[in-house]
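1. quick one, what's the 3D model for this:
(one chain, ligands or ions: 1)
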Amino acid sequence: MVLSAARQHLLGGIRLGAWGQHLLRGSRLGAWGQHLLGGIGSVYTDAKGFQEKEIREKLQAFPGGSIDLVKQESGIAVLTVNNPARMNAFSGSMMVELEERVSQLEEWTEGKGLIIQGAAGTFCSGSDLNAVRAISNPQDGMKMCTFMQNALTRLLRLPLLSVALVEGNALGGGAELTTACDFRLMAPGSVIQFVHKHMGLVPGWGGAARLVRIVGGQNALKMLGGALKIDPEMGLQIGLADGVLEGSLAGSGANALLEAEQWLGCYTTGPAPVIRAIKSVVVSGRELPLEVALRTERDVFGTVWGGPANLQALATKAKHK
Ligand SMILES: CC[C@H](C(=O)O)C(=O)SCCNC(=O)CCNC(=O)[C@H](O)C(C)(C)COP(=O)(O)OP(=O)(O)OC[C@H]1O[C@@H](n2cnc3c(N)ncnc32)[C@H](O)[C@@H]1OP(=O)(O)O
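-> Numbering: from 1, shown residues only. So this is what the prediction gives:
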């Protein structure tokens, strides 16, 4: 395949999942279509001076907790931020595990949806403050941010419809993590709060850039400037929350998860290639200049046109009443 200089530039740092690699071999897809269907990857690369291995080793020096992934037959995976003794704060090793779980999801070609939750009824209280204290110099802070921006960008670009199931608190980096999902569902009594100003900081995991795209610049300024506690009602009002869990079902982790699965199921019902193509055209529309997005949409369209689901729908003379 011969790539133009511009295409090569665009491709810099992109990691293909297995599906993307498969499509790459002799397919009709353009470069972005290939990447989108495989889950396009990184913002930073070794070539751009990002020493991932070095940062990974540094983060591993701060252990504790885990990031647990369960891929279900239904095509919906559940990712759990698990460090309940610290209200699910992210240790360094959990940051590394998050990146590894994202890699596993990039390889999961049968997947359609993803739910991110915290263990034990609360979402995530951000970075582990013990680790934060140990690396509180600008160089190390920027390295950690680079690593997390990469992981969260790849997470948001997965060809899966993703939802953050927010129970309890999503604070600091935890609030940023909610913005790396397509949707946010809030349980009664839950709070999303960018506490960064109170810590003398701004978001660094890409949370500010994503927040502006979700709620607009005005609301983002208010949320960051006031370190506002966003409850479910306010979340719905400003478009941060896409739904609020029923009070009757909330309160127990298992029920909240069940409710989130039902909610997400409204959007993930159908064949995986179609659901993944839907996410891919939305990512391209969200992230790319219009002309590139249009070409990508055409290319992704080509993967489903005349495909099994399309032919079956044509054969059954579907009516959409
Ligand atoms: C801001 C930028 C940065 C980034 O983007 O990377 C960050 O995210 S920094 C972290 C920002 N988050 C915080 O500052 C959270 C601080 N914690 C709290 O406000 C409270 O602990 C709260 C509201 C999460 C829970 O309050 P609650 O009264 O219900 O419980 P405890 O305070 O008793 O907490 C239980 C236990 O968890 C420990 N904990 C909580 N959060 C963290 C954290 N982020 N890092 C490390 N440890 C945390 C807390 O210290 C308690 O431990 P204990 O040994 O019992 O004292």
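
2. pLDDT averaged over stretch 170-189 - what is it?
-> For stretch 170-189, the mean per-residue pLDDT is 98.

3. pull up the distance across that stretch, start to finish.
-> End-to-end distance for stretch 170-189: 12 Å, by C-alpha to C-alpha, to the nearest Å.

4. that one: how far from the chain's middle?
-> Taking the mean of its C-alpha atoms, stretch 170-189 sits 11 Å from the chain's own mean (C-alpha atoms, centre = their mean, to the nearest Å).

5. show me which positions of it end up buried.
-> Of all the residues in stretch 170-189, those buried under the rule 16 or more other C-beta atoms under 10 Å are 170-188. Heads up, the C-betas are built off the backbone N, CA and C, glycines and all.

6. please see if that stretch touches the ligand.
-> Yes - using C-beta under 6 Å from any ligand atom, we find that stretch 170-189 touches the ligand at 171-173, 176.

7. which of these fall in strands?
-> Those of these mapping onto strands are L171, per DSSP state E.

8. how close does M223 sit to H196?
-> 10 Å (C-beta to C-beta, to the nearest Å).

9. find the residues that touch each one of these two.
-> Here M223 and H196 have no joint contacts, going by C-beta atoms under 8 Å, 6 or more residues apart in numbering.

10. all the helices of the stretch 101-250 of the chain, residue numbers only.
-> Chain-ordered helices for the stretch 101-250 of the chain, with DSSP state H, counting those that start in this stretch as the definition, fall at 129-134, 138-157, 173-178, 207-225, 232-238.

11. so which of those helices is nearest P308?
-> helix 138-157 (25.3 Å; C-beta to C-beta).

12. what angle do helix 207-225 and that closest one make with each other?
-> Interaxial angle of helix 138-157 relative to helix 207-225 (axes from the mean of the first three to the mean of the last three C-alpha atoms, to 10 degrees): 110 degrees.

13. what about helix 138-157, near the ligand?
-> No - counting by C-beta under 6 Å from any ligand atom, the ligand is not contacted by helix 138-157; separation bottoms out at 7.3 Å.

14. what is that helix packed up against?
-> helix 52-60, helix 92-106, helix 173-178, helix 272-287 (3 or more C-beta pairs under 8 Å, 6 or more residues apart in numbering; DSSP states H and E).

15. mind redoing it with 6 Å?
-> helix 92-106 (3 or more C-beta pairs under 6 Å, 6 or more residues apart in numbering; DSSP states H and E).

16. give the buried residues for the helix it packs on.
-> Buried-residue list, helix 92-106, by 16+ other C-beta under 10 Å: 92-99, 101-102, 105-106.

17. wait, does that helix contact the ligand?
-> No - residues of helix 92-106 are not located near the ligand by C-beta under 6 Å from any ligand atom, the shortest gap being 9.4 Å.

18. for this structure, what helix or strand is lowest in average pLDDT?
-> In the chain, the helix or strand scored least confidently by mean pLDDT, DSSP states H and E is helix 5-11, which has a mean of 31.

19. tell me what the nearest residue to L264 once chain neighbours are set aside is bridged to.
-> For L264, ignoring the flanking residues on the chain, the nearest one in space by C-beta to C-beta, 6 or more residues apart in numbering is G113 at 4.9 Å. Per DSSP bridges, the residues bridged to G113 are I76, L161.

20. let me see the contact set for G113.
-> 76, 160-161, 264, 268 (C-beta atoms under 6 Å, 6 or more residues apart in numbering).

21. before we move on, the earlier item: tabulate the helices of the stretch 101-250 of the chain (a markdown table), appending distance to A272.
-> Compiled in a markdown table, the helices of the stretch 101-250 of the chain are given as follows (distance: least, C-beta to C-beta, whole Å):
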| stretch | distance to A272 |
| --- | --- |
| helix 129-134 | 37 |
| helix 138-157 | 17 |
| helix 173-178 | 25 |
| helix 207-225 | 26 |
| helix 232-238 | 30 |
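
22. among those helices, which is the most enclosed?
-> helix 173-178 (a mean of 28; mean count of other C-beta atoms under 10 Å).

23. ends of stretch 151-170, how far apart?
-> Criterion C-alpha to C-alpha; first-to-last residue distance in stretch 151-170 is 18 Å.
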